[in-house]
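1. starting from these lines, generate the structure:
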Amino acid sequence: MKKYTLYILLLSSIFSFGQTKEKDSIIKLKEVVFADKFRKQQIQAGVKLSCSVDEYLATSDNISFIKRGAYAWEPMLNNMNTERSSITIEGMHIFGACTDKMDPVTSYVETNNLSKIDIHSGQEGGRHGATIAGAIDLKRKRVSFSDMPNLGGSAQVGFQSNNIHRFGLADLYYSSEKFVADGTAAYRKADSYKDGHGNVVKHSQFEKYNTSLGLAYKTSGLSSLKADAIFDVAKDVGYPALPMDTWLARALITSLSFKQFFENSIFKVWDSKFYFNAIEHYMDDTTRAENLVHMDMPGWSTTYGLTSKILLKKDNYTADIQLNGYSNYALAEMTMYPRDRSRVSGFAFTWPGVTTNYGGFSVNNQWELNDKEQLILGGTLGVNHNHIKYLDFIRVFNQNTADSPQNRTRFLPSLHASYQMKVNPFTFSLGTGYGHRAPSVSEAYGYYIYNSFDRYDYIGSPNLKNEISYELNGSISFENESLIIEAKANYFYIENYILGKILNIAFPMNAASVGVKKYEALEYAKIFNTSLNLSYYFLEKFHWKGSINYARGIDFKEENLPFIRPVSYQTSIKYSKDRFACIFSFNGDFTQTAYSPQYGEDRTPAYIVYNLSANYRFPIGDNNLQIELGIENITNNYYSTYADWGNIPRMGRNIFTSIGFSF
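-> Reported below is the predicted structural model:
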């Protein structure tokens, strides 16, 4: 830890504190913004206009992805999987219904649903629920009330050549003095893509529908009531890295919120929301003729919740107080049908009807000590309760019922602190955090969940201790009118780090499995992340930006943790003049040498990918028509990364185009 501490003191990581002044990584759709309390300049991202939510998130230097195909990538925040992060939509907890993580929360929204994506690293993300890695909060679009009736919207259609991906996005809004209505619609359909050698990567197709509706009514001059709904359906989704595909994934996400503003009071805003969402996910392998045993694996996840937060401000002091609670029910089944239908089929609950109730109370305090210094102190106290409906499946490998009770309550505290100082043109930040998280449903109660990466069946352990994280973070940045340089880092020391270990007394259930693993708590693990970001404006019309990232993860035996990204980099140069813009970019990883064979990883070679795109905006009266044309992986490079499940190859050369109209 000492050798990492020195690095952290030199290169520190900046966090996002409070909702009144957001810092850390804030990704706005159509642009990427790195903002802190002193820096207001926005840095546009060099990404295509027709990006998916996953592609937007990939522009952040502290997010990487596990990819099992061309759809629904699993976001990794600070090189930790989704069990260790909190992913919400405007603070609403939504839990996928797939035991194989084929439906992360980010797969149930579209870019035209959202206005920005807030990324809070470490314990600063604890306001929405217990976390270790941090939080990703997807912010839905908001249309303001207007003095005069106003109607507007946009539409976009596009095409990508490699996988014949065709899509259409549209949104429409109406606003008046007391009423607002807005809606969006999106459709995507793609065939299987081709790799850099021109070979079709089978089972990588997908089809997706998404719609949303928002209605708001101003109940008084300082208050409003709003109802939101998102409905998303994905069909015929292939996963080339897995032995199964998804024939249907469906989500209904709804909320009703009330917001009250105050005048001439220490209380500034009170915002409360009730929400409900239901997810259903159906895996099957009917298109996989090579499978010896046919299998169905449906899953369901239902969540009720509320959030209520109030903002206080007096002089140089600001407080953000939030109450957060939810109840989630998760159920997943597995039915195996032998080729000889005269034999009895096998049935099991892979999630045995788990109800998770959570309640949390968080406070974030912020003091502006003077024009140059700022202090942040905050924390959350959470209570997590689990109830198991089908306890017999847990008792198979946890036979002492006293050690595997039907009900389990855990207390999940967290604390964070940060100090920031501005000495022009430099800004320094140093922070720390402490927090707990409870084991996930799969880690505590999963039953024979097959992992095709290391080819083991996984079994949960309800007696796992809480993971406990101690973190240190900081940053140093330099900024003038044309140049921004920022170095940041964070270090996590995590007690009771949960990973799967081989269980010799059990036999695999899946014909493709080589054994069984049970989730266990390691004594501790250490994860270190650091990055260097640069942004430079020159010759008036050019903007260059780039980043390089390094991460290291080891356990208490100095063995490598899985899915830790090797040295990676991305850079772009943008030329813009009047209504024309052109972006050339490239990105890549170094060779993955610190891999973990016991978890199915191998050495992945270095790669580099080049991209080029251009867009032009045609004004039509007060409206705009925009055309985009670009090419990804220009050299048709054949490659696979450390996080491509089963070393599936990435997409080869891809030409894309889109046309959009806004009014």
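
2. any weak-confidence spans in the protein?
-> Along the chain, the parts satisfying pLDDT under 70 run over 1-47, 339-344, 398-404.

3. tell me the centre residue of it?
-> P75 (4.4 Å; C-alpha atoms, centre = their mean).

4. so how far is D54 from that residue?
-> Computed with C-beta to C-beta, to the nearest Å, the distance linking P75 and D54 is 8 Å. C-beta: built from backbone N, CA, C; applies to glycine.

5. residues in contact with the residue nearest to the centre of the chain?
-> 54, 57, 63-65, 82, 85, 87, 104, 106, 136 (C-beta atoms under 8 Å, 6 or more residues apart in numbering).

6. on that earlier part again, now do the shared contacts for P75 and D54.
-> Common neighbours of P75 and D54 (criterion: C-beta under 8 Å, 6+ apart): 65, 106.

7. strands along the stretch 451-600 of the chain, start to end?
-> Ranges of strands in the stretch 451-600 of the chain, per DSSP state E, counting those that start in this stretch, are 456-459, 467-479, 483-502, 515-538, 542-555, 568-577, 580-589.

8. what strands flank the helix or strand containing A181, and is each parallel or antiparallel?
-> If you go by DSSP states H and E, A181 is part of strand 179-190. Take DSSP bridges as the rule and strand 179-190 pairs in its sheet with strand 165-175 (antiparallel), strand 206-220 (antiparallel).

9. distance between the longest one and the chain's centre?
-> Taking C-alpha atoms, centre = their mean, to the nearest Å, the mean C-alpha location of strand 206-220 is offset from the chain mean by 21 Å.

10. can you classify M76 by secondary structure?
-> Under DSSP: H, G, I helix; E, B strand; the rest coil, M76 falls in the strand class.

11. that one bridge partners, please.
-> S64.

12. surely it meets F563?
-> Yes. Between M76 and F563 there is a contact at 6.4 Å, judged by C-beta atoms under 8 Å.

13. what is in contact with these two at once?
-> When contacts are counted by C-beta under 8 Å, 6+ apart, M76 and F563 have 66, 643 as shared neighbours.

14. need the helices for this protein, in chain order.
-> For the chain, helices defined by DSSP state H occupy the ranges 2-10, 53-57, 392-395, 441-445.

15. how about G125, nearest residue that isn't a chain neighbour?
-> Excluding the flanking residues, the one nearest G125 by C-beta to C-beta, 6 or more residues apart in numbering is A135, at 2.6 Å.

16. for K101, see how far away that neighbour is.
-> Per C-beta to C-beta, A135 is found 18 Å from K101.

17. between these two, which is the more surrounded one?
-> Neighbours were counted for A135 and for K101 using other C-beta atoms under 10 Å; A135 has more, 25 against 20.

18. on that earlier part again, got the strands paired with strand 179-190 as CSV, with distance to Y599 columns?
-> Formatted as CSV, the strands paired with strand 179-190 follow (distance: least, C-beta to C-beta, whole Å):
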stretch, distance to Y599
strand 165-175, 32
strand 206-220, 27
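
19. make TSV out of those strands and add distance to F349 and mean neighbour count.
-> Compiled in TSV, the strands paired with strand 179-190 are given as follows (distance: least, C-beta to C-beta, whole Å; neighbours: other C-beta atoms under 10 Å):
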stretch	distance to F349	mean neighbour count
strand 165-175	37	18
strand 206-220	28	18
